[in-house]
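Peer 1: sequence and predicted structure are below.
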Amino acid sequence: MSVAERERCIKRFAAPLVPGACAWYLGGFDGAVPFRYAYPMDSFVIAARDGASEARTGTLKLPHGEVPTPVFMPVGTYGAVKALSKDDINSLGFKLILGNTYHLYLRPGVEILRRAGGLHGFCAWQGNFLTDSGGFQVFSLAPFRKLTPEGVAFKSHIDGSSHFLTPESVVDLQAAFNSDIQMQLDVCTGWGASRKEAEKAHRFTADWALRAFGEWKQKRDEGYGGLFFPIVQGNFFEDLRAESADICASLDAPGIAIGGLSVGESFAEYSRLLAFTAARLPRDKPRYVMGIGTPDFILQAVENGIDMFDCVLPTRNARNGSYLTRDGFLAIKNAAFREDFSPVDSECDCKVCKTYSRAYLRHLYKEGEILSSMLASWHNLHFLAAMMDEVRAAIREHRFLQYKKAFLERFFSGKYAEGDPDD
Ligand SMILES: [Zn+2]
């Protein structure tokens, strides 16, 4: 997209979307400011494309090391992936994990994190952190919130204290965390939102993307090294998605996130909107679909040229005794495993599958042993890491669609769906 095209794009969408909003680009935008800024253009390198699909494999070059893509990112909401240590995360081969701005802002708070040397100093993990903006949590967790064009006022779900976040303050927070990739403050809507709600959320998100991008550029000028991703919203309305995607693309940020998917819609609806949105995004930028973590959603995203995804599901399921296997989810509490001394997944070479039996893991789960969560989380993340290794190899060898088909046929064969769920 040329500078002139970008300018036209911005101007096209620079209508007063929400009364009082959009001041930044209505009042101050001269058509060139966002595009003069130079950030390292080599932060994403595509090494190979599948050919038969949009899938691609490459490398994200981040301040705390390189990350092969497509990549699944485990979620460490409070600066820790539940039930796993930083050494575990290293051993499992992950180089990029998530932290949650809303939670870290409330506790331990930005000042403690700043004094500790950011997230890396505080958590003692030297890989990369991606932090979300907290928008999703403000709208899903806070008992009270009020959306204004300036930002969002809310009360903490912990102690009821009052807070106000703006697109700029959220950039500053994430810079203080020293996030390697930070997200803009956005407004996410769920499945079934009305056109009016979706439009309002999209307008706010678009305006906030521009304001956050401006703030991020300033932070970069001051020496902050993390990348910034705007977020595509627009719910399940194609025209809103298109507008949102075009605005995000026009910013020329280092990468782009797609939000508001996997919010309760069917797989078919997810696939439709995913393909529609991804097709409008620049092909040379890393693309991140937020909040997806099951093999079918991940593989569908990869097919559409998505490079990054995260979800609490693999580790949350693990704590609930649900193991990922080649043959689908295995509920370890099932009575059928009481005397089953075989491994959870005989094709998995993780330390859990090489060491422990289903019977023992079931026993640990039934007794509520902490070890149950630790071992199941290890296995589930190992499973996804191995799957992503295979995905990258399949793309390099131009056989991604065959890989996807074979993987999902087996995964949904229903092997563990039958039987006594519990005793
Ligand atoms: Zn295993």
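Peer 2: Alright, I've got the coordinates. Numbers count the residues shown, from 1 in each chain.
Peer 1: tell me the pLDDT of the residue lying closest to residue 245 once chain neighbours are set aside.
Peer 2: Counting by Cβ to Cβ, 6 or more residues apart in numbering, residue 245 lies nearest to residue 280, which is 4.0 Å off, once chain neighbours are set aside. The C-beta positions use only the backbone N, C-alpha and C, and glycine is treated the same way. Looking at residue 280, its pLDDT reads 97.
Peer 1: residue 198 against residue 189, yeah?
Peer 2: Yes: taking Cβ atoms under 8 Å as the definition, residue 198 is a contact partner of residue 189 at 5.3 Å.
Peer 1: mutual contacts of the two, please.
Peer 2: 233, 235 (Cβ atoms under 8 Å, 6 or more residues apart in numbering).
Peer 1: of these two, who's got more company?
Peer 2: Shown here are residue 198 and residue 189; by other Cβ atoms under 10 Å, residue 189 has more neighbours (24 against 21).
Peer 1: over to that one. Which of the three states is it?
Peer 2: coil (DSSP: H, G, I helix; E, B strand; the rest coil).
Peer 1: can you pull out the helices in the stretch 151-300 of the chain?
Peer 2: When assigned using DSSP state H, counting those that start in this stretch, the helices of the stretch 151-300 of the chain occupy the ranges 167-176, 195-221, 238-251, 267-279, 295-303.
Peer 1: would you check that residue 392 makes contact with residue 59?
Peer 2: No: using Cβ under 8 Å as the test, residue 392 is too far from residue 59 to be in contact (10.4 Å).
Peer 1: okay, those two: which has more neighbours?
Peer 2: residue 392 (22 against 18).
Peer 1: give the contact list for the more buried one.
Peer 2: 57, 68, 69, 70.
Peer 1: tell me the phi and psi of the first one?
Peer 2: Just to be clear, that refers to residue 57. Per-residue torsions, residue 57: phi -130, psi 140 (degrees, to the nearest 10).
Peer 1: isn't it right up against residue 45?
Peer 2: No: the criterion here is Cβ under 8 Å, and residue 57 misses it with residue 45 at 10.2 Å.
Peer 1: which of the two has more residues huddled nearby?
Peer 2: Counted by other Cβ under 10 Å, residue 57 and residue 45 do not tie: residue 57 has more neighbours, with 23 against 13.
Peer 1: so what's that one up against?
Peer 2: 46, 47, 48, 68, 69, 70, 391, 392, 395, 396.
Peer 1: ok, which pair from these is furthest apart?
Peer 2: Farthest-apart pair in the contacts of residue 57 is 46 and 391; separation 14.6 Å (Cβ to Cβ).
Peer 1: which one's more surrounded, these two?
Peer 2: Higher neighbour count among residue 46 and residue 391: residue 391, with 25 against 16, using other Cβ under 10 Å.
Peer 1: element containing that one, please.
Peer 2: Assigned by DSSP states H and E, residue 391 falls within helix 370-396.
Peer 1: poorly predicted segments of the stretch 301-423 of the chain, please.
Peer 2: Low-confidence segments of the stretch 301-423 of the chain (pLDDT under 70): 418-423.
Peer 1: all strands of it, in order?
Peer 2: Here the stretch 301-423 of the chain has its strands, by DSSP state E, counting those that start in this stretch, at 308-310, 322-325, 328-331.
Peer 1: just checking: what are the partner strands of the first one?
Peer 2: The partner list of strand 308-310 in its sheet, established with DSSP bridges, is strand 71-73 (parallel), strand 287-289 (parallel).
Peer 1: quick check: which of the ones you listed is buried the most?
Peer 2: strand 287-289 (a mean of 27; mean count of other Cβ atoms under 10 Å).
Peer 1: contacting residues around that strand?
Peer 2: 229, 255-258, 261-262, 274, 278, 281, 301, 305-309.
Peer 1: contacting residues around the residue of the chain positioned farthest from its centre?
Peer 2: For the chain, the residue at maximal distance from the C-alpha centroid (Cα atoms, centre = their mean) is residue 339, at 38.6 Å. Neighbouring residues of residue 339 by Cβ under 8 Å, 6+ apart: residue 359.
Peer 1: about what we covered before: which among the contacts of strand 287-289 gets closest to the ion?
Peer 2: Top of the list for closeness to the ion, among the contacts of strand 287-289 and by Cβ to the ion, is residue 309 at 20.7 Å.
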